[in-house]
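Trainee: any chance you can model this:
(chains A and B)
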2 protein chains.
Amino acid sequence: MIYTEIENLTAPIGVFDSGVGGLTVLNRLLKVLPEQSYIYLGDTARVPYGNKSKETVQQYALQCSQFLVEQGAKLIVVACNTASAVALDYIRNLIPIPIIGVIDGAAEVAANVTKNLSIGVIGTKATIRSEAYKKAIVEHSTKEVSITSVACPLLVPIVEENWQYHPSTELIIAEYAKILHQNSIDTLVLGCTHYPMLKQQFMKEFPGVTLVDCGQSTAEIVRKIVPIPTRSNQETKDSTTRVEFYITDNDSNFPKIAQTFLGFEPEKIQTIDIDSVNKTTN
Amino acid sequence: MIYTEIENLTAPIGVFDSGVGGLTVLNRLLKVLPEQSYIYLGDTARVPYGNKSKETVQQYALQCSQFLVEQGAKLIVVACNTASAVALDYIRNLIPIPIIGVIDGAAEVAANVTKNLSIGVIGTKATIRSEAYKKAIVEHSTKEVSITSVACPLLVPIVEENWQYHPSTELIIAEYAKILHQNSIDTLVLGCTHYPMLKQQFMKEFPGVTLVDCGQSTAEIVRKIVPIPTRSNQETKDSTTRVEFYITDNDSNFPKIAQTFLGFEPEKIQTIDIDSVNKTTN
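Mentor: Sure, this is the predicted structure:
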């Protein structure tokens, strides 16, 4: 993959998601690239993208990207599996800065770590239907792999309800897991940004299986292409001051969920009118 | 409540919802007003409304209503609890035909049927947060009533997954039911259009409790204000030919869910661009 050269090294990294899920990706970015500044955009007015058509998601992703470019982002992380699955090439053709999705890195890790060549992928309906992980894993595999994909639409509301430890959650995960066990997977891609919040539950359901967190692998890709600043530029800032937060609809739950997903509550969250961002550029 | 006079009696009744849930209301309308024609609009591009701000839901509801007026509707049923809770007065001020929400009728029934004056209300987060049912029940009550409201965000995805009979569903309903049992409710308002699909599960969890279906009570209100046509106008049409279906985003699941919710699969579903409908009229 060839990336456009990053011109302004001190500019922030733009990150967007349909809502709060991308905060788990931001969390990993803050850890892997601790010297960078970030702009996070949660498209809370139009969440979720998972049940929208490809064309609609492409328009939404383009508007989010344009907003981040207007704010001076040097690189955009599409911290949303649905948008990464269906809109990445579309926005890459229209936006002049590097665009990194959350699928490719996780697919590469999964292809590299599987030993028995049986990989599971879980995600929203749209992500699974797109077969984006399947295609990316096949591209990164040198041998023939078996890939079992399962859509798990109940897991996002469980995380947003904070019901990770409710007895029903175990039953729901066990139901989704059935076919993954039947196919003896040794590697499971958590193909939705909410799912790292259920990591303990997955570890219990899938003992011995390697869990691949798309946020972690994406952060590692970004680390490879964003140069580490020289010591003079390298300020040691607190996470809370290194992120500007924007949402597209006033959501009173955002600060609370951000606290859970990030470990700190955003100091200031600005609400923007995403429809005022130019709708089509082509 | 004073309704504008209905001028064109043979015109269709417009029904809109954020997605598929309103189909349970349409189902009741088709049964209670079998001689009428209908236009159903599912705003599938922007579903769900439940986590959007009041202002956003008002704009969306206005656009849906304007579309139905443009299609010649004589009356609009807002078959969406969130929009009924936060946008009814707003669109009534801007749209010149009668607008019926799903909350008032159910609230009146609940106020009339409770014997121990302890009523439960379940719905999405937005509906519960709006306190619209609570206010409407108090308005219709002649005595002081105790109202227990519980937001149940997992129930919509359960219905859309068709997991009504999964063991986790019983646990989830039991969790939401705890506080309703503690307060010894004798009447439960199903304040979300998806919930009638879980009626059997609620009957099991709440034996002896009267369940109030907002679709049924809304259909009965509409019956009171739409005159029964004279015999010459009263054609006996099949349900399948009496509804025109529109959605705002191409959703391949719509026909399947419509089949489950309505008992028949729509013959033709047209996709419209809701953003092309004039955004503000004031």
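
Trainee: A:Asp186 - how many residues pack around it?
Mentor: A count of neighbours around A:Asp186, defined by other Cβ atoms under 10 Å in any protein chain shown, yields 16. Any C-beta I mention is one placed from the backbone N, CA and C, and that applies to glycine too.

Trainee: burial count for the spatially closest residue to it that is not a sequence neighbour?
Mentor: The shortest distance from A:Asp186 to any non-neighbouring residue, by Cβ to Cβ, 6 or more residues apart in numbering or on different chains, is to A:Asn116 (4.8 Å). Around A:Asn116 there are 12 other residues, counting by other Cβ under 10 Å.

Trainee: on the three-state scheme, A:Asn116 is what?
Mentor: Per DSSP: H, G, I helix; E, B strand; the rest coil, the secondary structure class of A:Asn116 is coil.

Trainee: so it touches A:Gly208, yeah?
Mentor: No. Using Cβ atoms under 8 Å, A:Asn116 makes no contact with A:Gly208, being 10.9 Å away.

Trainee: now do the shared contacts for these two.
Mentor: Listed as contacting both A:Asn116 and A:Gly208 by Cβ atoms under 8 Å, 6 or more residues apart in numbering or on different chains are A:Asp186.

Trainee: list the buried residues for stretch A:170-179?
Mentor: A:170-173, A:175-177 (16 or more other Cβ atoms under 10 Å in any protein chain shown).

Trainee: so how far is that stretch from its chain's centroid?
Mentor: Centre-to-centre, stretch A:170-179 and its host chain are 23 Å apart (Cα atoms, centre = their mean, to the nearest Å).

Trainee: and the next element down the chain from the lowest-mean-pLDDT helix or strand in chain A?
Mentor: Every helix and strand in chain A was compared by mean pLDDT, DSSP states H and E; the lowest is helix A:125-130, with a mean of 85. Downstream of helix A:125-130, the next assigned helix or strand under DSSP states H and E is helix A:132-140.

Trainee: pLDDT on that next one, on average?
Mentor: Here helix A:132-140 scores 97 as its mean pLDDT.

Trainee: what of stretch A:215-233?
Mentor: 84.

Trainee: give me every residue in chain A lying close to chain B.
Mentor: When proximity is defined as Cβ under 8 Å from any Cβ of the partner chain, chain A approaches chain B at A:44-47, A:51-53, A:56, A:153-154, A:157-158, A:160-161, A:163, A:166-169, A:171-172, A:175, A:249-251, A:253.

Trainee: can you select the buried ones from the residues you listed in PyMOL?
Mentor: Those of the residues of chain A next to chain B that count as buried under 16+ other Cβ under 10 Å are selected in PyMOL with:
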select buried, chain A and resi 44+45+46+47+51+52+53+56+153+154+157+158+160+161+163+166+168+169+171+172+175+249+251
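
Trainee: neighbours around A:Glu267, how many?
Mentor: 11.

Trainee: I misspoke; the intended subject was A:Glu131.
Mentor: A:Glu131, neighbours per other Cβ under 10 Å, totals 14.

Trainee: can you check the one 3 residues further on too?
Mentor: By the criterion of other Cβ under 10 Å, A:Lys134 has 18 neighbours.

Trainee: which residues does the nearest residue to it once chain neighbours are set aside contact?
Mentor: Once flanking residues are discounted, A:Lys134 sits nearest to A:Ile147: 5.0 Å by Cβ to Cβ, 6+ apart. Applying Cβ under 8 Å, 6+ apart, we find A:Ile147 in contact with A:119-121, A:133-134, A:137-138.

Trainee: go again using 7 Å as the cut-off
Mentor: A:119, A:121, A:134, A:137 (Cβ atoms under 7 Å, 6 or more residues apart in numbering or on different chains).

Trainee: from chain B, how far off is it?
Mentor: Separation of A:Ile147 from chain B (Cβ to the nearest Cβ, to the nearest Å): 22 Å.

Trainee: mind checking the SS state of that residue?
Mentor: strand.

Trainee: same check, this time on A:Ser184
Mentor: Using three-state DSSP, the secondary structure recorded for A:Ser184 is coil.

Trainee: care to break chain A down by domain?
Mentor: If you go by automatic domain parsing, the domain ranges for chain A are A:13-101+A:218-276, A:104-214.

Trainee: so which of those domains gets nearest B:Pro98?
Mentor: Set against B:Pro98 and scored by Cβ to Cβ, the domains of chain A come closest in domain A:13-101+A:218-276, at 29.3 Å.

Trainee: quick check: buried residues in the least confident helix or strand of chain A?
Mentor: Here helix A:125-130 shows A:125-130 as buried, counting by 16+ other Cβ under 10 Å.

Trainee: neighbouring contacts of that helix?
Mentor: Contacts to helix A:125-130, defined as Cβ under 7 Å, 6+ apart, come from residues A:49-51, A:81-82, A:85-86, A:149-151, A:153, A:191-192.

Trainee: so what pLDDT did the spatially most central residue of chain A get?
Mentor: The centre of chain A sits closest to A:Ala79, judged by Cα atoms, centre = their mean, with a distance of 3.1 Å. Here the pLDDT value assigned to A:Ala79 is 98.

Trainee: that one contacts A:Gly22, doesn't it?
Mentor: Yes. Counting by Cβ atoms under 7 Å, A:Ala79 does reach A:Gly22; the two are 3.1 Å apart.

Trainee: anything in contact with each of the two?
Mentor: A:15-16, A:193.

Trainee: A:Val77 belongs to a strand, doesn't it?
Mentor: Yes. Under three-state DSSP, A:Val77 falls within a strand.

Trainee: in the stretch 1-150 of chain A, which residue sits closest to chain B?
Mentor: Residue nearest to chain B within the stretch 1-150 of chain A (Cβ to the nearest Cβ): A:Ser53, separated by 4.7 Å.

Trainee: before we move on, back to that, and the least confident helix or strand of chain A, C-alpha only, in CSV?
Mentor: Presented in CSV, the C-alpha positions along helix A:125-130 are these (Å, rounded to 0.1, in the frame of the first residue of the first chain):
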residue,chain,number,x,y,z
LYS,A,125,-24.4,-7.7,10.1
ALA,A,126,-23.1,-5.2,7.6
THR,A,127,-19.4,-6.0,8.3
ILE,A,128,-20.0,-9.7,7.9
ARG,A,129,-22.2,-9.3,4.8
SER,A,130,-19.5,-7.2,3.2
